[in-house]
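> what follows is a predicted protein model with its sequence.
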Amino acid sequence: MAKFGRLIGVSLGPGDPDLITIKAYKALKSEAIWSYPIRKKGAESFALQIALNAGFQLPKTNIPLIFPMTHDPEKLASYWHKAAEAVLVPLSAGLDVVFLVEGDASTYSTFGHLVRTVLEKEPRIKTETIAGVSSFNAAAAISGEMLVEVEETMAIVPAGYGVKLLEKLMVDFDTLVLLKVKPLLDDIIEFAEKYDMVSQCRFIEKAGTNEEIVVKDIRTLKGKTVNYLSLIIIHNPHKPRVEIMRGCQKK
C-alpha cells in the first residue's frame with residue numbers, strides 16, 4: 001500500500017513572528033516541503049514573509065501556489081485544481097507538505113479550499129491543522145480592548161456582506177468584528193456615524209507587522225484607501241459594559 005505524506009496547515013499568526021506557536025515552529029523546522037499562497041506569479045507571499053521574519057530560510061524545494069483575488073468560481077476552481085496537483089506530487093511520494101497561512105488556518109483561509117480539492121483527488125491523504133492567532137485577537141490586544149466579557153456575544157463577519165446585515169447584527173450582538181473592510185470602509189463609517197458608534201470603533205491595519213496602523217477615530221479614514229489586511233472592531237454602544245459589570249457585582 002502506498003504511503004502518503006501529510007498536508008499540514010501551519011498557522012503563523014497575523015504578522016508578528018513572536019506569535020508563531022511552538023507547534024508551528026516545529027512544523028517549519030521539520031523536513032516537510034513548504035508551500036505558500038501568492039496572488040499571482042512572481043508576487044510576494046505575506047504568509048511566507050512572516051516565517052522569514054521569524055528567522056527561517058525558504059527551503060530550496062518549495063511550492064508557491066497561486067490563489068488570485070477573484071470571486072469567479074470557475075477561475076478559482078481552476079487554480080485550486082492546479083494547487084492540489086502541485087502538492088500531490090510530494091504527498092504521493094510520502095513527503096509531508098506544510099501550507100503557510102497568515103492568521104489561523106481554520107478562519108477564512110485558502111487552506112480549506114486546498115484540503116477539499118486535494119481530498120477529492122486523493123481521499124487517502126491525511127491532513128492536519130495547526131491553530132494560530134487570528135487577526136482579530138491580535139487587533140484587540142493591540143488596541144487595548146476586550147473583545148467580549150462575561151456573557152457578551154460577538155459576531156465575526158466579512159464586511160462585504162454589507163451595511164444592512166450590520167444593522168441586523170447590532171440588535172443581537174455586543175461586539176462586531178468586521179474583516180476585509182477596504183471595499184466598504186466609507187459605508188461602515190457612515191453606518192457608525194448614523195448610529196452614534198464612532199467612539200466604539202477601532203480600525204486596525206496589518207496587525208502585528210511593522211506597518212501596523214491603529215485608528216481610534218475612523219472618521220479620519222473617510223475617502224482614504226486602506227490595506228486589504230484591515231479590520232474594524234465595534235462595541236455595541238446600546239449595551240454598555242459598565243452595566244454588565246455592575247450586574248455581576250450585584251449577584
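Yep, that arrived.
> walk me through the domains of this structure.
6-130, 135-246 (automatic domain parsing).
> mean pLDDT for those: which is lowest?
Mean pLDDT is lowest for domain 135-246 among these, at a mean of 89.
> picking up where we left off before, can you list the domains of the chain in a markdown table and add mean neighbour count?
Yep, even glycine has a C-beta here, placed from its N, CA and C like the rest. Formatted as a markdown table, these follow (neighbours: other CB atoms under 10 Å):
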| stretch | mean neighbour count |
| --- | --- |
| domain 6-130 | 17 |
| domain 135-246 | 17 |
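> contacts only, for the residue nearest the centre of the chain.
The residue lying closest to the centre of the chain (CA atoms, centre = their mean) is G103, at 4.4 Å. G103 makes contact with S11, L12, G13, P14, S109, G132, V133, S134, S135, according to CB atoms under 8 Å, 6 or more residues apart in numbering.
> thought the last one was touching L179?
Yes - in this structure, S135 sits in contact with L179. The criterion is CB atoms under 8 Å, and the distance is 7.3 Å.
> shared neighbours of these two, anything?
Shared contacts of S135 and L179, counting by CB under 8 Å, 6+ apart, come down to L231.
> helices along this structure, start to end?
Using DSSP state H, the helices of the chain run over residues 22-29, 46-53, 73-92, 110-121, 135-143, 163-172, 185-194, 241-250.
> to I63, which of those lies closest?
Proximity to I63, assessed across the helices of the chain by CB to CB, is greatest for helix 73-92 (5.3 Å).
> which secondary structure elements does the closest one contact?
In terms of contacts (3 or more CB pairs under 8 Å, 6 or more residues apart in numbering; DSSP states H and E), helix 73-92 is packed against strand 6-11, strand 33-38, strand 62-66, strand 97-101, helix 110-121.
> make a markdown table out of the ones you listed and add distance to L88.
Listed next are the helices and strands packed on helix 73-92 as a markdown table, based on distance: least, CB to CB, whole Å:
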| stretch | distance to L88 |
| --- | --- |
| strand 6-11 | 9 |
| strand 33-38 | 11 |
| strand 62-66 | 11 |
| strand 97-101 | 9 |
| helix 110-121 | 6 |
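> which one of these lies nearest to K224?
The nearest among those, by CB to CB, is strand 33-38 at 26.5 Å.
> give me the contact list for the closest one.
Contacts for strand 33-38 (CB under 8 Å, 6+ apart): 28, 44-45, 47-48, 58-59, 61-67, 83, 86-87, 90, 95-101, 110.
> hang on, the earlier thing: between the helices of the chain, which gets nearest to C201?
Here helix 185-194 is closest among the helices of the chain (CB to CB), at 5.3 Å.
> for the closest one, packing partners?
Short answer (3+ CB pairs under 8 Å, 6+ apart): helix 185-194 packs on helix 163-172.
> so the helix it packs on versus helix 185-194, what angle?
Taking axes from the mean of the first three to the mean of the last three CA atoms, to 10 degrees, one finds helix 163-172 and helix 185-194 inclined to each other by 40 degrees.
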